[in-house]
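*Asks:* just a sequence and a predicted model for now, questions to come.
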Amino acid sequence: MQKEYTITVYTEDRIGITNRITIIFTRRRINITSLTTSETEIPGVYKFVITVLATRELLDKVVLQIERLIEIHRAFVHEEDEVVYQELALYKVSTKSLQNGNIERLIRDNHARILTIAEDYFVIEKTGHQQELLDLLKKLEPYGLIEYTKSGRVAIVKWSRRFHEHLKNLSQKQADNLPPGTTHPESNKAGISL
Amino acid sequence: MQQKDVLPMKTEKSDKRPAPAPVAEPITGAEAVIRSLIAEGVDTIFGYPGGAIMPIYDALYDFQVSGQVNHILVRHEQGATHAAQGYARSSGRTGVVFATSGPGATNLVTGLADAYMDSTPMVAITGQVAAALLGTDAFQETDVIGITMPITKWNIQVTRPEDIPGAIAKAFYIAKSGRPGPVLVDITKNAQFGKLDFAYEACEYIRSYHPKPVLDLEQIDAAAALINASKRPYILCGHGVLISDAQNELIAFAEKAGIPIASTLLGLSAVPVDHPLYVGYLGMHGNYSPNINTNECDVLIAVGMRFDDRITGDVSTYARQAKVIHIEIDEAEIHKIIKADVGVHADAKEALQALIGKIEPKETKEWLASFKELDKQEDEKVRNKELYPTEGELKMAEVVRLISEKTGGEAILVTDVGQHQMVASRYYGFKSPNTNITSGGMGTMGFALPAAMGAKVGKEEREVVAIIGDGCFQMTLQELGTIYQSKIGVKIVILNNNFLGMVRQWQQLFFDRRYSSTEMTNPDFVQIAKGFYIPGKKVSERAEIGAAIDEMLSTPGAYLLEVVVEKEDNVFPMVPAGAPISTIRLD
């Protein structure tokens, strides 16, 4: 059955790596619903968090095809209950609505906060799951919403144990970049796992 | 869960030469390309020059003159890729291709995709416009990195001279290790002109790449338990057996427990066809008994293969009764098409060596006899009349049989794509490993002529016979120019039925005999060969064909033999596309 899954991918820092990953989804006609990427705590190693609507059976095959790429360390599929995740939304609203006492209550009840206030607009920030962010959006509509934007997902795996340590070990090894040379004496200690 | 422990991984043993002494003075990036290739043991390059790769060609000149490396000037860049594939598959070494930017690079696409599908090690080096012009639609600029991303195992663009040796070292390591494949290195013109202090170190390790899985003995035990408990075990031998040089282990493994072996298209030649346990060729136009018995075995042992749809037909009815053991070096192939009961993620040779010690001899006489019984039906309905006709027009099969007999099954057989390919694969009597070179996964028409050139260059001492259809030949026939210029002694057999035969066969069977755009009005192929100073002959009579093949084989150098064969002949057996393999038709 099609469901929303979170896919995490750990990669080397290389031009075009996003393209290499997305090609694999494209070939299978899987639409990426969100994609977040940035450097991990280990310089030179990047993490992608990708959400997709697909079946588990298909995604188990897809992550192996992603892992087959040379500059990918590992790729994992996660069920919704395997990850703790957040998304972040920003809402730009007309200042006029500030005079309406309800907006303060709305911000308070939704655990949102005001990031900045200018003469004619202010910006609210909220983190949460997509539905919560959309709920607030709906509630803000009547107050003169000017612009809305939402991030992709950031996620942490519940069952990971020594992942940070694995990443640190990896950083002891020579990065994949050119130059310097490419041989390494510890070549039999490759790989990472959560 | 996915908490599989991936550590530790071993890297492959290096068979690289010792690193060459560093060059004292700074050299150009272009010269570094050639020196890097020589350090990798490259002796032959297939290529075509052009603007953006001219510095590399200029550097090549001195090394060519001094005999350190041979460059074969092809007539089209696609020919270079197929030649490199033929070279790689006959010699076991990585094929090397040079092409310029823009159209030179885009002409590589078909060959790269073909090599990717058929796991052939190749390093393609393309020139590129200067780094400052990248992305500006400069003359002959094309985004070859973007274009070839899905059809290469890896690719890289190099924009600085000092990055060239490292990039080439990685390219060769990636192309050849694990499941082999094509790699493309795109080098901008400024990097070719720029200077660097040259030192070359072969690559043996990339921290995000684990080409050689550690053999999991639990998987081997589980596989051995299934085999030992089986009554009708069955081996499917794929290309991975040849790539891993595991044919002797495979045969020893089969012999120990009396297990019949069938072969995929690219697995052909791993097991001599006269081996008592060899039962034939699998798939859409494979033999009858190996297809039928796939759905009769109780344990299916797939070695180095990927369950292509031309092998499985309808997946939902494929070997459902059997426990499946899948030995495969590419983890993404295990469970991809057929769910394995035991997946052995390993190099075929290592896995088979470990398995041999764990399996017990068994009695399979009855099981083997069932293949022989089914063979009789194929003999009666197909083989006898195809191989030994006494009247009517020449049959492709009898021509292949004669070539097989007259070469003792010891030639390297290079085939193109279509009816002639299926017939040649069915009837050539392969005796030695790595003597079957064909375009399997991609089915690239035009593959054979350039691939045969490369195969001959890679294995000079062997007879190389290309069997080509009249349609395929006209896709890359300009490579006759290369064959003439570089004096490559390939024997070319055109099986001419004046049709795109396989498409016509499908039109006959599935499109109500509506022969839409499949009939060919052909030129005089022997005259064309003559134009390239290649001797040749055309035969159409049964009485002449034997002598004509003798003449071809005894003529020194290249030779073209055109054989006019039955126009509307069909290849049987046949599994209709997507149908269960048990529905294989004999007529």
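*Replies:* That came through fine.
*Asks:* tell me the confidence at residue 128?
*Replies:* Since no chain was named, I'll use chain A. Residue-level confidence at A:G128 comes out at 97, pLDDT.
*Asks:* actually chain B
*Replies:* If you check B:Q128, the pLDDT there is 98.
*Asks:* OK, contacts around it?
*Replies:* Each residue near B:Q128 by CB atoms under 8 Å, 6 or more residues apart in numbering or on different chains is listed here: B:A52, B:S101, B:A105, B:L134, B:E141, B:V144, B:Q157, B:D186, B:I187, B:T188, B:K189. Placement of C-beta: from N, CA and C, glycine included.
*Asks:* among those residues, which are located in strands?
*Replies:* Within these, membership in strands is found for B:Q157, B:D186, B:I187, B:T188, as judged by DSSP state E.
*Asks:* how about CSV for those residues, with pLDDT and neighbour count added?
*Replies:* Putting the ones in strands among the contacts of B:Q128 into CSV (pLDDT from 0 to 100; neighbours: other CB atoms under 10 Å in any protein chain shown) gives the following:
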residue, pLDDT, neighbour count
B:Q157, 98, 22
B:D186, 98, 25
B:I187, 98, 30
B:T188, 98, 24
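*Asks:* JSON lines please, covering those and showing distance to chain A.
*Replies:* As requested, the ones in strands among the contacts of B:Q128 are exported to JSON lines (distance: CB to the nearest CB, whole Å):
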{"residue": "B:Q157", "distance to chain A": "8"}
{"residue": "B:D186", "distance to chain A": "12"}
{"residue": "B:I187", "distance to chain A": "13"}
{"residue": "B:T188", "distance to chain A": "14"}
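*Asks:* kindly indicate which of the residues you listed lies nearest B:N434.
*Replies:* When these are ranked by distance to B:N434 (CB to CB), B:D186 comes first, at 30.4 Å.
*Asks:* ok, the closest one touching B:V144?
*Replies:* Yes - taking CB atoms under 8 Å as the definition, B:D186 is a contact partner of B:V144 at 5.3 Å.
*Asks:* what is in contact with the two at once?
*Replies:* Counting by CB under 8 Å, 6+ apart, the common neighbours of B:D186 and B:V144 are B:S101, B:A105, B:T126, B:Q128, B:N155.
*Asks:* mind listing what the nearest residue to B:I492 once chain neighbours are set aside touches?
*Replies:* Excluding the flanking residues, the one nearest B:I492 by CB to CB, 6 or more residues apart in numbering or on different chains is B:L560, at 4.5 Å. Going by CB under 8 Å, 6+ apart, B:L560 touches B:L480, B:I492, B:I494, B:F525, B:V526, B:A529, B:I534, B:P535, B:G536, B:K537.
*Asks:* so B:L560, which state does it fall into?
*Replies:* With DSSP: H, G, I helix; E, B strand; the rest coil as the basis, B:L560 sits in strand.
*Asks:* can you list the weak-confidence ranges in the chain?
*Replies:* Defaulting to chain A. For chain A, residues meeting the criterion pLDDT under 70 lie at A:173-194.
*Asks:* meant chain B actually
*Replies:* Residues of chain B meeting the criterion pLDDT under 70: B:1-19.
*Asks:* tell me the one of the shared contacts of B:D186 and B:V144 nearest A:E132?
*Replies:* Using CB to CB as the measure, the one of the shared contacts of B:D186 and B:V144 that approaches A:E132 most closely is B:N155, at 42.3 Å.
*Asks:* list the buried ones in stretch B:484-493?
*Replies:* Of the residues in stretch B:484-493, those scored as buried under the neighbour-count criterion (16 or more other CB atoms under 10 Å in any protein chain shown) are B:Y484, B:S486, B:I488, B:G489, B:V490, B:K491, B:I492, B:V493.
*Asks:* what about the residue nearest to the fifth one when sequence neighbours are not counted, how many residues close to it?
*Replies:* So that's B:V490. Distances taken as CB to CB, 6+ apart put B:A452 closest to B:V490, at 4.5 Å, once the chain neighbours are dropped. Other residues near B:A452 come to 32 when the count uses other CB atoms under 10 Å in any protein chain shown.
*Asks:* cool, B:G531 as well?
*Replies:* Based on other CB under 10 Å, the number of other residues close to B:G531 is 12.
*Asks:* okay, and A:E165 sits in which element?
*Replies:* Here A:E165, judged by DSSP states H and E, is contained in helix A:163-172.
*Asks:* what's that helix packed up against?
*Replies:* Helices and strands touching helix A:163-172, as assessed by 3 or more CB pairs under 8 Å, 6 or more residues apart in numbering or on different chains; DSSP states H and E, comprise strand A:45-54.
*Asks:* dump the C-alpha coordinates for stretch B:219-226 into PDB.
*Replies:* Extracted C-alpha coordinates of stretch B:219-226, given in PDB (Å, rounded to 0.1, in the frame of the first residue of the first chain):
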ATOM      1  CA  GLN B 219      24.000 -17.300   4.000                       C
ATOM      2  CA  ILE B 220      26.300 -20.100   2.600                       C
ATOM      3  CA  ASP B 221      25.100 -22.600   5.200                       C
ATOM      4  CA  ALA B 222      21.400 -21.700   4.500                       C
ATOM      5  CA  ALA B 223      22.100 -22.200   0.800                       C
ATOM      6  CA  ALA B 224      23.800 -25.500   1.300                       C
ATOM      7  CA  ALA B 225      21.000 -26.700   3.500                       C
ATOM      8  CA  LEU B 226      18.500 -26.000   0.800                       C
END
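*Asks:* which residues are in contact with that stretch?
*Replies:* With CB under 8 Å, 6+ apart as the contact definition, stretch B:219-226 has outside contacts at B:299, B:301, B:323, B:325, B:327, B:341-346, B:351, B:354-355, B:358-359.
*Asks:* of those residues, select the buried ones using a PyMOL command.
*Replies:* For selection in PyMOL, the members of the contacts of stretch B:219-226 meeting the burial criterion (16+ other CB under 10 Å) are listed in this command:
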select buried, chain B and resi 299+301+323+325+327+342+343+344+345+346+351+354+355+359
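*Asks:* show me what from the stretch 251-400 of chain B comes close to chain A.
*Replies:* On the criterion CB under 8 Å from any CB of the partner chain, chain A has as its neighbours in the stretch 251-400 of chain B the residues B:D330, B:E331, B:A332, B:H335, B:K336.
*Asks:* dump the residues you listed to CSV, plus distance to B:F198, neighbour count and secondary structure.
*Replies:* Written out in CSV, the entries for those read as follows (distance: CB to CB, whole Å; neighbours: other CB atoms under 10 Å in any protein chain shown; DSSP: H, G, I helix; E, B strand; the rest coil):
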residue, distance to B:F198, neighbour count, secondary structure
B:D330, 35, 20, coil
B:E331, 37, 19, helix
B:A332, 37, 19, helix
B:H335, 46, 17, coil
B:K336, 43, 18, coil
